[in-house]
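Asks: how would this look folded up:
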Amino acid sequence: MAGSFLTVTCPDCENEQTLFEKAANEVSCAVCGHTLATPTGGKATIEGEVTDVVEAR
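Replies: Model (predicted):
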């Protein structure tokens, strides 16, 4: 599986959440429900600030 896991900060509540950069489903913030990633068929569109790349392959 080629891709990286990203730590993203929610723009609404500042919660940090780890998600896959090629997310196949919509990813919402666990605290406030804001959409953090929207699938596009390749790399997901990330909303929020990427603070760290957890694992790169």
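Asks: Leaving out sequence neighbours, find the closest residue to residue 12.
Replies: Using Cβ to Cβ, 6 or more residues apart in numbering and skipping the chain neighbours, the partner closest in space to residue 12 is residue 34 (4.6 Å). Where you see a C-beta, it was placed from the backbone N, CA and C, and this is true even at glycine.
Asks: With residue 54 instead?
Replies: That would be residue 5: by Cβ to Cβ, 6+ apart, it lies 4.0 Å from residue 54.
Asks: if I pick the one you found, what's in contact with it?
Replies: Going by Cβ atoms under 8 Å, 6 or more residues apart in numbering, residue 5 touches 18, 19, 20, 21, 53, 54, 55.
Asks: about what we covered before: give me the number of residues near the residue nearest to residue 12?
Replies: 14 (other Cβ atoms under 10 Å).
Asks: count of neighbours near the residue lying closest to residue 15 once chain neighbours are set aside?
Replies: Leaving aside its sequence neighbours, residue 15 sits nearest to residue 31 (Cβ to Cβ, 6+ apart; 4.4 Å). By the criterion of other Cβ under 10 Å, residue 31 has 12 neighbours.
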